[in-house]
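S.K.: Have a look; sequence and predicted model below, questions after that.
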Amino acid sequence: MSQLTEGAPVSRWMDRATAPHIVTLVLITGIGALNMNIFLPSLPAIADWYQADYAVVQLTISAYLGVTAILQILVGPLSDRYGRRPVLLGSLMVFLLATIGCLLAPTIEIFLAFRFLQAGIATSIALSRAIVRDMVPPNEAASMLGYVTMGMTLVPMLGPAVGGLLQEIFGWQSTLWVLLAAGGAVLFIVWADLGETNRNRSASFNEQFRAYPELLRSPRFWGYAAAAAFASGAFFAFLGGGSFVASTLLGMDPSEVGLYFAFIAVGYMLGNFLTGRYAARMGINRMLMLGAIVASTGMLITMGFFAVGMGTPLTFFGPILLVGLGNGLTLPSANVGLVSVRPHLAGSASGLGGAMMVGGGAALSAIAGSVLTVETGVWPLLFIMFSASALVIPVTLYLMWRTRQVGGL
C-alpha cells in the first residue's frame with residue numbers, strides 16, 4: 001500500500017503483523033463474487049438434477065442475497081468489536097464447510113440450506129470496505145477501493161464462462177469443487193497476510209448495536225446506502241433474470257451465457273479503473289452522478305433495441321456493459337461515502353449499508369426471477385434495471401445538496 005494515513009500500518013506481503021497487501025484484498029472480495037456468479041449458467045441444470053422448479057432453484061441467488069443481508073448486519077459490529085482478521089477467518093471456514101455440504105446434498109432443500117450457509121463468505125466484501133477505510137481517508141479510499149474492485153472484477157468476468165464450460169464438460173457439481181479449492185487457497189493467504197487494521201475496537205458488542213441509531217439519524221448515510229442499493233439492485237436483478245432471458249427467450253447454450261455475462265463484468269472493471277484514476281480528483285459525489293447517468297443510458301439503449309424488434313444476444317448483453325461501467329463508477333464511491341459519514345463506526349456502517357444494499361438486491365432479484373415468463377418477454381427485467389439505475393440520480397442530487405450544507409466529504 002502506497003497511500004496510508006499518518007500512523008497507519010504499512011503492508012508487507014505475507015506478513016500478518018502488517019496491513020494486508022492489495023492482492024489479498026482483491027482475493028477476499030473475489031471469492032465472494034465467484035461464489036455468487038459461477039452458478040449462473042448452471043441454474044437450469046440444477047433444476048433438472050433435483051427435479052425442482054426454476055423459481056425454487058433461483059433462490060440460490062435471491063434468498064442467498066437475503067441471508068447475506070442479514071449476516072452483514074452482524075459482521076460489521078463483530079469486526080468493530082473483535083477485529084477484521086478473526087471475523088474474516090471464521091467466515092472462510094464456514095464457507096468451506098458449507099461448500100462440502102452442497103456437494104453432498106441429496107435434495108434441493110438440503111442443497112439450499114448449505115447454499116445459504118455459503119453466504120458467510122459474502123461478509124468478506126463488507127469487511128474489505130472497512131479495511132480500506134481503516135487505512136486511508138475518503139477520496140483516497142474510493143480510489144483504492146476502485147482498484148481493489150477492478151482486480152476483483154476479473155472473477156465475475158471469468159466466473160460464469162468457467163462455470164458454463166465446467167458444466168458442459170464435467171457437470172454442474174464441478175463448480176463446487178472449484179469453489180472449495182479457491183476457498184481453501186484464500187483462507188491460507190488471509191491467515192498469512194491479513195494483519196489487523198481495526199486499531200479502535202469498541203468496548204463491547206452491545207455498544208456497536210447501540211451505535212446504529214447514530215448512523216440511522218444521518219441523512220447522508222441513508223443517501224449513500226440508497227445509492228448503493230439502487231445501483232447494485234440493477235445488477236442483482238440482472239443476475240436473477242438474465243439467465244432466463246438468455247437460455248429461454250434467446251435460446252443460448254450455457255457456455256454462451258457464461259461468455260456473454262462477461263459484458264457487464266468488463267464494464268464494471270473499466271468503471272472501477274476510472275474510479276481508481278479520478279475519484280480522488282473529482283470527489284465521490286460527482287462519481288456517483290456520472291455512474292448513474294451512464295448506467296441509465298445503457299438501459300435506454302437496450303430498451304430501444306427491443307422496442308424496434310432487434311432483440312438478440314448482442315443487443316441484450318452489449319448495452320448492459322454500460323450498466324456495469326456505471327456501477328463501477330458508482331459503487332466504490334457510494335460504499336466509501338457510507339463508511340465515512342461516521343468513521344469511528346466504519347465496520348457497523350459497512351455492515352448495515354451492505355445489508356441494505358444486498359437486501360434490496362435480493363428483493364429485485366427475486367422479483368425479476370418471478371415475473372419473467374415466455375409471455376412477458378424481456379420487458380419486466382428491462383424496466384426493473386432502468387428504474388433502479390435512474391433512481392440513483394435524484395439520490396445523488398440530494399447528497400450533493402446535503403454535502404454543501406454540512407461540509408465534509
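M.R.: Sure thing, it's come through. Model, not experiment: these values are computed from the prediction.
S.K.: can you give me the helices for the stretch 101-250 of the chain?
M.R.: For the stretch 101-250 of the chain, applying DSSP state H, counting those that start in this stretch gives helices covering 108-118, 123-135, 138-152, 154-170, 174-193, 205-210, 212-216, 219-244.
S.K.: typo on my end, it should be the stretch 301-409 of the chain
M.R.: For the stretch 301-409 of the chain, applying DSSP H, counting those that start in this stretch gives helices covering 313-340, 346-371, 379-406.
S.K.: out of the ones you listed, which comes closest to Ala292?
M.R.: Among the helices of the stretch 301-409 of the chain, helix 379-406 comes nearest to Ala292, with 3.6 Å by Cβ to Cβ. For every residue, glycine as well, the C-beta is placed using N, CA and C.
S.K.: which residues are contacting stretch 106-123?
M.R.: 31-32, 35-36, 46, 50, 52, 56-57, 59-60, 63-65, 67-68, 71-72, 75, 87-88, 91-92, 94-95, 97-99, 101-102, 105, 183, 351, 358 (Cβ atoms under 8 Å, 6 or more residues apart in numbering).
S.K.: quick one on the thing from earlier: quick check: which of the helices of the stretch 101-250 of the chain has the most neighbours on average?
M.R.: Counting by mean count of other Cβ atoms under 10 Å, helix 123-135 has the highest mean neighbour count of those, with a mean of 28.
S.K.: Could you check the angle it makes with helix 174-193?
M.R.: Relative orientation of helix 123-135 versus helix 174-193 (axes from the mean of the first three to the mean of the last three Cα atoms, to 10 degrees): 30 degrees.
S.K.: Run the chain-centre distance for helix 123-135.
M.R.: On the basis of Cα atoms, centre = their mean, to the nearest Å, helix 123-135 sits 13 Å off its chain's mean C-alpha point.
S.K.: now that helix: mean pLDDT?
M.R.: Summarised as a single mean, pLDDT over helix 123-135 is 76.
S.K.: quick check: angle from that helix to helix 313-340?
M.R.: 50 degrees.
S.K.: May I have helix 123-135 as CSV, with CA atoms only?
M.R.: What follows is helix 123-135 as a C-alpha-only set of coordinates in CSV (Å, rounded to 0.1, in the frame of the first residue of the first chain):
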residue,chain,number,x,y,z
THR,A,123,-19.2,-10.8,4.5
SER,A,124,-15.7,-10.5,3.1
ILE,A,125,-16.9,-7.8,0.7
ALA,A,126,-18.3,-5.7,3.5
LEU,A,127,-15.1,-6.2,5.6
SER,A,128,-12.9,-5.2,2.7
ARG,A,129,-14.6,-1.8,2.6
ALA,A,130,-14.0,-1.4,6.3
ILE,A,131,-10.3,-2.4,6.0
VAL,A,132,-9.7,0.1,3.2
ARG,A,133,-11.4,2.8,5.2
ASP,A,134,-9.2,1.9,8.2
MET,A,135,-6.2,2.7,6.1
